[in-house]
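Novice: Pasting the sequence and the predicted model now:
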Amino acid sequence: MNIEITLNGTAVEADVEPRTTLADCLRHVLRKTGTHLACEHGVCGACTVIVNGEAMRSCLMLAVQASSASITTVEGLGQGSELSPLQASFKKHNALQCGFCTPGMLTTAHALLSTEPDADEDRIREVISGNLCRCTGYVPIIEAILDAKAAYQNGESASS
């Protein structure tokens, strides 16, 4: 099946089998390998992307379900080689170690702060509780998200 989506602000087309997940389409057809696959059951959050403004598990969604959607992957958060304020904050706070969960954490946090730029620590903890990280202990991740809030409050988040 042929699907048309807006990926990181650019209109693209892809030919996929009807059973292809959005995660596999992004990684293997559209070559956006920042979207990571781990559990493939929607539990870990590593495959989280933003679909029409909402954080979604791309391993649980078929690519054909995303037809006509606007999708943002971790590659779409910054401007070219420039990090987004959220990505820069993750770097500043050392909010990653192995980096495997980082794309899903970033897209989840971006979706949250885009709709709730005043989210408090409890809300941030609640939202990222669906993203598993085995390395950082979450404290630097929460600190990074809290630090990035000002950019979202000031409309400096860079992507949609």
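Specialist: Okay, I see it.
Novice: quick check, Ile145 in a strand?
Specialist: No. Residue state for Ile145 (DSSP: H, G, I helix; E, B strand; the rest coil) corresponds to helix; a strand is not indicated.
Novice: Now Ala63, what are its backbone angles?
Specialist: As for Ala63, its main-chain torsions (degrees, to the nearest 10) stand at phi -60, psi -40.
Novice: Next, the contact list for the closest residue to it other than its chain neighbours, please.
Specialist: The spatially closest residue to Ala63, leaving aside those adjacent along the chain, is Cys25, at 3.7 Å (Cβ to Cβ, 6 or more residues apart in numbering). (Glycine included, C-beta is placed from N, CA and C.) Remark: with contacts taken as Cβ atoms under 8 Å, 6 or more residues apart in numbering, Cys25 is in contact with 3, 14, 16, 63, 66.
Novice: Redo the residues you listed as TSV? Include pLDDT, secondary structure and distance to Glu116.
Specialist: Conversion of the contacts of Cys25 to TSV gives the following (pLDDT from 0 to 100; DSSP: H, G, I helix; E, B strand; the rest coil; distance: Cβ to Cβ, whole Å):
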residue	pLDDT	secondary structure	distance to Glu116
Ile3	97	strand	30
Ala14	97	strand	32
Val16	97	coil	33
Ala63	98	helix	29
Ala66	97	helix	24
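Novice: Any regions of this structure where pLDDT drops low?
Specialist: Counting by pLDDT under 70, the low-confidence segments of the chain come to 158-160.
Novice: Show me it divided up by domain.
Specialist: Following the assignment in automatic domain parsing, the chain carries domains at 2-76, 85-153.
Novice: For the longest one, measure first residue to last.
Specialist: Using Cα to Cα, to the nearest Å, the span of domain 2-76 from its first residue to its last is 22 Å.
Novice: roughly how far out does that domain sit from the chain middle?
Specialist: Put simply, domain 2-76 sits 10 Å off its chain's centre (Cα atoms, centre = their mean, to the nearest Å).
Novice: For His28, see how far away the residue most central in space within the chain is.
Specialist: Taking Cα atoms, centre = their mean, the centroid of the chain lies closest to Thr107, which sits 2.2 Å from it. With distances taken as Cβ to Cβ, to the nearest Å, Thr107 is found 19 Å from His28.
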